[in-house]
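In: Task: produce atomic coordinates for the following.
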Amino acid sequence: MRRHELTDQKWELLAPLIPRAATGRPRVSDRQVIDGMVYKIRTGISWRDLPERYGPWQTVYTRFRRYALDGVFTRALQQLQACADAVGDIDWLVQIDSTIVRAHQHAAATGRKGGPTGRTNRNDHALGRSRGGLTTKVHLACDGKGRPLAVLVTPGQRHDSICARPLLERIRVPRTGRGRPRCRPDQVIADKAYSSRGFRAYLRKRGIGHTIPEKTDQQRHRHNRGSRGGRPPAFDRQIYRQRNIVERCFNRLKGFRGIATRYEKTATSYEAAVTLASFLLWARSV
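Out: Sure, this is the predicted structure:
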């Protein structure tokens, strides 16, 4: 086994979930191709620069794109989460946060001559423009042990509070036996960016406890209204101290150079790369 390649344990977890063609000519080994994908997101190199030991780069890229569109890596991640939840290994004290990722200039060439110009169906490819250039924002929900539960990719200028609900609704841990997937955390920890009456009401409606500090202007507005301002939201400082776990999770994800800087042109491919990196983080702890 070479550096940046799957161990035998990780391959045993992923191999049963890789789709295989029943007929057709012999193809490049699945493990060889997956190792090429992992090497690519680990080092951040171009697809064309993949070492020859992984086979033709076109084959590695084509399968990566196919797996991204089919949701193969998402199902693999959910399978690991299901096995962990079955033995009670998931800490449902969930933390949410986001991080900005600079998009490389090669990731900006997503337009196609004669293609659609609207912004529906993710035609923006989760690329936002600001004074700093093109950026993408990665929203993450992780468990109390710092392992990713759900990932959402948006343009860099999208506010955290807008994406809080879609992010939590992506948490879906299947059961190994009968029963519905688990989608509801015991408690959510978030920073001031998620402090809003609408989001707190959403969490209360779902029966989810939350620890979110109140913004200064919201405190001032509540005080100015006097008795009509209502009670201050509950806030547990001891629980909030655990919020650094999601920051450490981001730190491990950005150890993948292909995640720390976005090189993928489409949002689907970049989100699949983040999901594959999340699978590798989970595989370390299983």
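In: quick one: low-confidence parts of the stretch 151-286 of the chain?
Out: For the stretch 151-286 of the chain, no stretch is flagged by pLDDT under 70.
In: That one: strands as residue ranges?
Out: Under the criterion DSSP state E, counting those that start in this stretch, strands of the stretch 151-286 of the chain are mapped to 187-189, 209-211, 261-262.
In: nearest to Lys137, of those?
Out: Nearest to Lys137 among the strands of the stretch 151-286 of the chain is strand 261-262; the distance by CB to CB comes to 10.5 Å. Bear in mind the C-beta positions are built from the backbone N, C-alpha and C, glycine included.
In: Now do that closest one: everything it contacts.
Out: Residues outside strand 261-262 that contact it (CB atoms under 8 Å, 6 or more residues apart in numbering): Gly44, Val101, Arg102, Ala103, His104, Ala107, Thr136, Tyr270.
In: What's opposite the residue nearest to Ser278 when sequence neighbours are not counted in the beta bridge?
Out: The shortest distance from Ser278 to any non-neighbouring residue, by CB to CB, 6 or more residues apart in numbering, is to Pro148 (3.9 Å). With DSSP bridges as the criterion, Pro148 is bridged to Cys142.
In: what about Pro148, neighbour count?
Out: Look at Pro148: counted by other CB atoms under 10 Å, it has 23 neighbours.
In: ok, now Ser195?
Out: By the criterion of other CB under 10 Å, Ser195 has 19 neighbours.
In: got it, and the one 4 residues further on?
Out: Taking other CB under 10 Å as the neighbour definition, Phe199 ends up with a count of 20.
In: re earlier: list buried residues within the contacts of strand 261-262.
Out: Among these, the ones that count as buried by 16 or more other CB atoms under 10 Å are Val101, Ala103, Ala107, Thr136, Tyr270.
In: Leaving out the residues flanking it, which one is nearest to the last one?
Out: Put plainly, it is Tyr270. Among residues not flanking Tyr270 along the chain, Glu264 sits closest, at 4.0 Å (CB to CB, 6+ apart).
In: need the contact list for that neighbour.
Out: Glu264 sits next to Ala107, Gly258, Tyr270, Ala273 when contact means CB under 8 Å, 6+ apart.
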